[in-house]
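*Asks:* everything below, folded, please.
(one chain, ligands or ions: 2)
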Amino acid sequence: MTTHRIASLLRAQPLGESVTVNGWVRTRRDAKTFSFLEINDGSCLKNLQVIAEASLPNYEAEIARLATGCAVRVTGELALSPAKGQAVELKAREVTVYGWADPESYPLQKKRHSFEFLRTISHLRPRTNALGAVARVRSVLSQAVHDFFKERGFFYIHTPIITTSDCEGAGEMFTVTSFDLDQPPKSHGKVDFSQDFFGRRTSLTVSGQLEAEIYALALGNVYTFGPTFRAENSNTSRHLAEFWMIEPEMAFCDLAGDIDVAEALLKHLVQRALTECREDLDLFGQFIDQGLIGRLENVLANPFIRLPYSEAIERLKASGHDFEFPVEWGLDLQSEHERYLTETIFAQPVVVTDYPKAIKAFYMRQNDDGRTVAAMDILFPGIGEIVGGSQREERYEVLLARLTESGLPLADYQWYLDLRRFGSAPHAGFGLGFERIVQFVTGMANIREVIPFPRTPGSAGF
Ligand code: ATP
Ligand code: MN
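*Replies:* Residues are numbered from 1 along each chain as shown. Ligands and ions are numbered 1, 2, ... in the order given. As a prediction, the model looks like this:
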């Protein structure tokens, strides 16, 4: 039997046709001789209103007992609706119940539940309006990422999840082992990873960048889009232990070109959400964050502000604002400083460039001043850092010196140095935290709401 998705029925409105929908009951209201059923099938935010006459054979036994959460199939005729708030309704000829949901024990009832509560039932929360909308926006945005890069001739590269390199010292890593943890082999009192599955210590990746560089220096323009893992104990509304990252890497590209691509990508994603997910975004605009749509349009309206770190420090000092953490050339920008720049001083996205080399990773290209590197962070209102990127150090001698200075084991980076020995070329890239852009687009205050199954310190289950 062909069934219809509610989204396409509401769009096409095939009046008078016999149609079948499958979905879940949101509410049932009874009138004298019939019941109204609000059906949602997840294809869009809107419900389809069904009119089920009391004359239907299973009315007493089943339809009149339907409650929030029950799964049903409805066949009938689509008609114009006399009621306000909807164009069409379905006059049921047949209502079949697939699965009941006992109102005594089904946790999702008509009232609005807090996001904290919904996190405790992550197996049911996508059935709510808000979390269903987030899931649709997330899907549209991931597709939009691939479309953006495809249009520009980038190749999609799958970089490994299990890795031996602590990329950049980007964060604490999760060890991957097949040892019996009650009795791992030891040598000189330490766990002997040479006897482990891979013959050495391995971890979950914190970034696919270094491997993406290999492919950029072969295919030109590439990107990765996959899960990354950080065991940092940062219990904030912006950090997850498992998150998805988009990491393009471009050969023959400098820092300005890198920022151009990042800005175009961010604008493309915001634009796609506005055009493809308007109904869902309006829900967030109404119930989550009144300023949302305006903030999204503001991102599209102007070129991002580009500001060297040294000037950012000057602006922050000149503001006279009383920050918790010190503002001093050479110190990293704290989240309060980032937020102040993008929310208060500029009230739009800001790209901070050319950070002191001492606070940035070894692979960032050293500027001619000898004390800064060609790095950039993009700051978004309400979020703070959303993108971190740089032009990479392509000069063998300079990179070798930086590696040595950083005290990293040279043997592990021989392959990385090789890329600078054989056909080295200027190249650049960045990392965009996927959940941060989903957060920005949906206005969700907590990052735990924008990934289906959040992994955070102390929490990895349902
Ligand atoms: P932050 O300063 O916010 O902790 P970072 O400087 O450690 O981020 P990078 O290593 O530059 O982050 O990672 C690139 C991007 O990945 C960041 O700009 C951000 O969008 C995202 N990101 C980083 N860490 C996390 C995390 N723990 N959870 C979700 N997204 C993250
Ligand atoms: Mn960063």
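
*Asks:* show me where the stretch 101-250 of the chain has helices.
*Replies:* Listed in chain order, the helices of the stretch 101-250 of the chain (DSSP state H, counting those that start in this stretch) span 115-119, 129-151, 209-219.

*Asks:* and of those helices, who's closest to ligand 1?
*Replies:* Smallest distance to ligand 1 across the helices of the stretch 101-250 of the chain (C-beta to the nearest ligand atom): 9.0 Å, for helix 209-219. Backbone N, C-alpha and C define where each C-beta goes, glycine included.

*Asks:* tell me what the closest one is packed against?
*Replies:* Other elements packing on helix 209-219 under the criterion 3 or more C-beta pairs under 8 Å, 6 or more residues apart in numbering; DSSP states H and E are strand 221-229, strand 242-251, helix 414-421, strand 427-433.

*Asks:* flag every buried residue along the one helix or strand His268 maps to.
*Replies:* For His268, the enclosing helix or strand under DSSP states H and E is helix 255-276. For helix 255-276, the neighbour count (16 or more other C-beta atoms under 10 Å) marks 255, 258-259, 261-263, 265-270, 272-274, 276 as buried.

*Asks:* and it, does that touch ligand 1?
*Replies:* No: using C-beta under 6 Å from any ligand atom, helix 255-276 stays clear of ligand 1, coming no nearer than 10.2 Å.

*Asks:* now the helix or strand encompassing Glu397: buried residues?
*Replies:* Under the criterion of DSSP H and E, Glu397 resides in helix 396-406. Going by neighbour count (16+ other C-beta under 10 Å), the buried part of helix 396-406 is 399, 402-403.

*Asks:* hmm, who's touching it?
*Replies:* Outside of helix 396-406, the residues within contact range by C-beta atoms under 8 Å, 6 or more residues apart in numbering are 169, 362-363, 366, 393, 410, 413, 416-417, 420-421, 424.

*Asks:* pLDDT on the helix holding His268, on average?
*Replies:* Taken as a whole, helix 255-276 has a mean pLDDT of 98.

*Asks:* after it, next one along is what?
*Replies:* From helix 255-276 onward toward the C-terminus, using DSSP H and E, the following helix or strand is helix 278-287.

*Asks:* how about that following helix: buried residues?
*Replies:* When neighbours are counted by 16+ other C-beta under 10 Å, the buried residues of helix 278-287 are found to be 280-281, 283-285.

*Asks:* surely Thr159 touches Glu213?
*Replies:* No: using C-beta atoms under 8 Å, Thr159 is not in contact with Glu213; the gap is 10.0 Å.

*Asks:* related to what we said a few turns ago, among the buried residues of helix 255-276, which pair sits farthest apart?
*Replies:* Put simply, by C-beta to C-beta the two of the buried residues of helix 255-276 set farthest apart are Leu255 and Glu276, 31.5 Å from each other.

*Asks:* ligand 1 contacts on this structure?
*Replies:* When proximity is defined as C-beta under 6 Å from any ligand atom, the chain approaches ligand 1 at 170, 230, 238-240, 243, 245, 385-388, 431, 433, 435-436.

*Asks:* ok, 8 Å please
*Replies:* 168, 170-171, 206-207, 228, 230, 232, 234, 238-241, 243, 245, 335, 377-378, 384-389, 430-437, 447 (C-beta under 8 Å from any ligand atom).

*Asks:* of those, select the buried ones using a PyMOL command.
*Replies:* Here is the PyMOL selection string for the buried members of the residues of the chain next to ligand 1, based on 16+ other C-beta under 10 Å:
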select buried, resi 168+170+171+206+207+228+230+238+239+240+241+243+245+377+378+384+385+386+387+388+389+430+431+432+433+434+435+436+437+447
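
*Asks:* where does the prediction get shaky in the stretch 1-150 of the chain?
*Replies:* Regions of the stretch 1-150 of the chain meeting the criterion pLDDT under 70 cover residues 1.

*Asks:* check which helix or strand covers Asn298.
*Replies:* Judged by DSSP H and E, Asn298 forms part of helix 292-301.

*Asks:* how close does the residue in the chain sticking out farthest from the centre sit to ligand 1?
*Replies:* Here the chain has its C-alpha centre computed as a mean, and the residue farthest from that point, by C-alpha atoms, centre = their mean, is Ser55 with 48.5 Å. In this structure, Ser55 lies at 55 Å from ligand 1, with C-beta to the nearest ligand atom, to the nearest Å as the measure.

*Asks:* run through the residues that contact the closest residue to that residue other than its chain neighbours.
*Replies:* The shortest distance from Ser55 to any residue other than its chain neighbours is 7.9 Å, reached at Thr33 (C-beta to C-beta, 6 or more residues apart in numbering). By C-beta under 8 Å, 6+ apart, the residues touching Thr33 are 53-55.

*Asks:* likewise Leu432?
*Replies:* 245-247, 262, 265-266, 386-387.

*Asks:* again, only this time at 6 Å
*Replies:* The neighbourhood of Leu432, defined by C-beta atoms under 6 Å, 6 or more residues apart in numbering, consists of 246, 387.

*Asks:* what is it paired to in the beta sheet?
*Replies:* Beta-bridge pairing of Leu432, defined through DSSP bridges, involves Ile246, Val387.

*Asks:* how close does it sit to Ala144?
*Replies:* Noted for Leu432: a distance of 12 Å to Ala144, by C-beta to C-beta, to the nearest Å.

*Asks:* what sits in contact with each of those two?
*Replies:* Overlap of the contact sets of Leu432 and Ala144 (by C-beta under 6 Å, 6+ apart) is empty.

*Asks:* list the buried residues in stretch 74-86.
*Replies:* The neighbour-count check on stretch 74-86 (16+ other C-beta under 10 Å) flags 74-76, 78 as buried.

*Asks:* okay, how far is it across that stretch, tip to tip?
*Replies:* Stretch 74-86 stretches 18 Å from its first residue to its last (C-alpha to C-alpha, to the nearest Å).

*Asks:* that stretch: how far from the chain's middle?
*Replies:* Remark: stretch 74-86 is offset 36 Å from the chain centroid, using C-alpha atoms, centre = their mean, to the nearest Å.

*Asks:* who touches it?
*Replies:* Stretch 74-86 is touched from outside by 14-15, 17-21, 49-50, 88-95, with contacts defined as C-beta under 6 Å, 6+ apart.
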